[in-house]
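Student: kindly generate the corresponding structure for this input.
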Amino acid sequence: MSTETILDKIITHKRREVAERRELVPTKLLERSLYMDAQPLSLRRYLLRDDLSGIIAEFKRKSPSKGFINQYAPVERTTLGYMQAGASALSVLTDTEFFGGKTEDLTIARRYNFCPILRKDFVIDEYQIIEAKSMGADVVLLIAAVLSADEVARLGKFARSLGLEVLLEVHNAEELTRTLHPDAVSLVGVNNRNLHDFSVSLETSVALAEQIPAEFVKVTESGLTSAADISYLRGVGYRGFLMGEAFMRHSRPEKACAALIQELRATEPAIVL
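Tutor: Below is the predicted model of the structure:
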């Protein structure tokens, strides 16, 4: 009986995918991109701004556990609508096999928006970081559950050498303690989803909030569905709120985002203008 998890399957596939992409598009070709010389925008600074919501609005077509969430929302209208609604930043899934994303999704989002953009993918190799910079991303995600402490340090420092910020994603205290490198990481994201049974609890973020040093901007991920959730987690120190499915399950994700931010403005007038 196989004990391979969905995360194991994703990483096995990602290793093959990266090798294939490197063959098709060598690093030297990526380095010709106009974005390689551009100064990335700081997600950290945008999340600390009091005139924005703190929401990192995600463009996400599907998930491994739920299948397709929204196959038809156009990238340009959705991401532009997110920003016009008052989101602080964007997250764009670029994994095709498991999340239905494309690298072109991020490139299109970059073309239409002036804001920090997180490349949401399973980064295991420096090649993907160069790729992220070449497509216009400002931030890369490093997932502690699939990387060793040395890998986080190496990949994080490499990303920062290119001017990119690093969001380290953790699920528990062990991952946080093991992989948190001040020289490699700018922001810490707590994923509220249990990787074993896919259950979600916002209390995961609450429990880890005090364990994240103040020098790192705290981001909470997964399971947020309302303005009340954001207010609750802001109260324990979070400044970033990554939300995807809550918006993408609607036919017009950008309108769902706008409605939530309007509600947030009503409940937190001192924070969101």
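Student: when you work out contacts or count neighbours from here on, use the C-alpha atoms and nothing else.
Tutor: Will do.
Student: buried residues in stretch 233-249?
Tutor: When neighbours are counted by 16 or more other CA atoms under 10 Å, the buried residues of stretch 233-249 are found to be 233-234, 237-249.
Student: in strands, which of the residues you listed appear?
Tutor: Cross-referencing the buried residues of stretch 233-249 against strands under DSSP state E gives Gly240, Phe241, Leu242, Met243.
Student: check these and tell me the two furthest apart.
Tutor: The widest separation within these, taken as CA to CA, falls between Gly240 and Met243 and amounts to 9.6 Å.
Student: starting at the chain centroid, how far to the worst-scoring helix or strand of the chain on mean pLDDT?
Tutor: Among the helices and strands of the chain, strand 67-68 carries the lowest confidence by mean pLDDT, DSSP states H and E, at a mean of 89. Centroid displacement of strand 67-68 relative to its chain, using CA atoms, centre = their mean, to the nearest Å, is 19 Å.
Student: list of residues touching that strand?
Tutor: Among residues not part of strand 67-68, those counted as contacts by CA atoms under 8 Å, 6 or more residues apart in numbering are Arg61, Lys62, Gly100.
Student: in three-state terms, label Leu141 for me.
Tutor: Remark: Leu141 carries the secondary structure label strand [criterion: DSSP: H, G, I helix; E, B strand; the rest coil].
Student: list the contacts of the nearest residue to it once chain neighbours are set aside.
Tutor: Taking CA to CA, 6 or more residues apart in numbering as the measure, Leu141 lies nearest to Leu167, with 4.9 Å between them; neighbours along the chain are not counted. Applying CA under 8 Å, 6+ apart, we find Leu167 in contact with Val139, Val140, Leu141, Leu142, Val185, Ser186, Leu187, Val188, Gly189.
Student: at 6 Å instead, please
Tutor: Counting by CA atoms under 6 Å, 6 or more residues apart in numbering, Leu167 touches Leu141, Leu187, Val188.
Student: that one belongs to a helix?
Tutor: No. Assigned with three-state DSSP, Leu167 falls outside any helix and is strand.
Student: report the beta-bridge partners for it.
Tutor: Residues found in beta-bridge contact with Leu167 (criterion: DSSP bridges) are Leu141, Leu187.
Student: okay, now the closest residue to Glu31 other than its chain neighbours: neighbour count?
Tutor: Counting by CA to CA, 6+ apart, the nearest residue to Glu31 once its immediate chain neighbours are dropped is Ser134, at 6.7 Å. Other residues within reach of Ser134 by the criterion other CA atoms under 10 Å amount to 21.
Student: isn't Ser134 up against Arg32?
Tutor: No. The pair Ser134 / Arg32 is not scored as a contact, 8.0 Å apart, by CA atoms under 6 Å.
Student: please report the distance of Thr5 from Phe98.
Tutor: Counting by CA to CA, to the nearest Å, the gap between Thr5 and Phe98 amounts to 13 Å.
Student: and for Glu221?
Tutor: As defined by CA to CA, Glu221 lies at a distance of 18 Å from Phe98.
Student: next one: Pro26
Tutor: For Pro26, the distance to Phe98 - CA to CA - is 24 Å.
Student: quick one: which of those two has more around it?
Tutor: For Pro26 against Phe98, the residue with the higher neighbour count under other CA under 10 Å is Phe98, and the figures read 19 against 13.
Student: leaving out chain neighbours, which residue sits closest to the more buried one?
Tutor: Leaving aside its sequence neighbours, Phe98 is closest to Pro64 (5.5 Å, by CA to CA, 6+ apart).
Student: if I look at that neighbour, what pLDDT would I see?
Tutor: Pro64 is assigned a pLDDT of 85 by the prediction.
Student: now it, what are its backbone angles?
Tutor: phi -60, psi -30 (degrees, to the nearest 10).
Student: quick one: neighbours of it, just the number.
Tutor: Counted with other CA under 10 Å, the burial measure for Pro64 works out to 13 neighbours.
Student: what's the spacing between it and Tyr82?
Tutor: Computed as CA to CA, the Pro64 to Tyr82 distance reads 24 Å.
Student: and Gly67, by the same measure?
Tutor: With the distance defined as CA to CA, Gly67 ends up 23 Å from Tyr82.
Student: neighbour-wise, which of those two wins?
Tutor: Just comparing Gly67 and Tyr82: by other CA under 10 Å the higher neighbour count belongs to Tyr82, 28 against 12.
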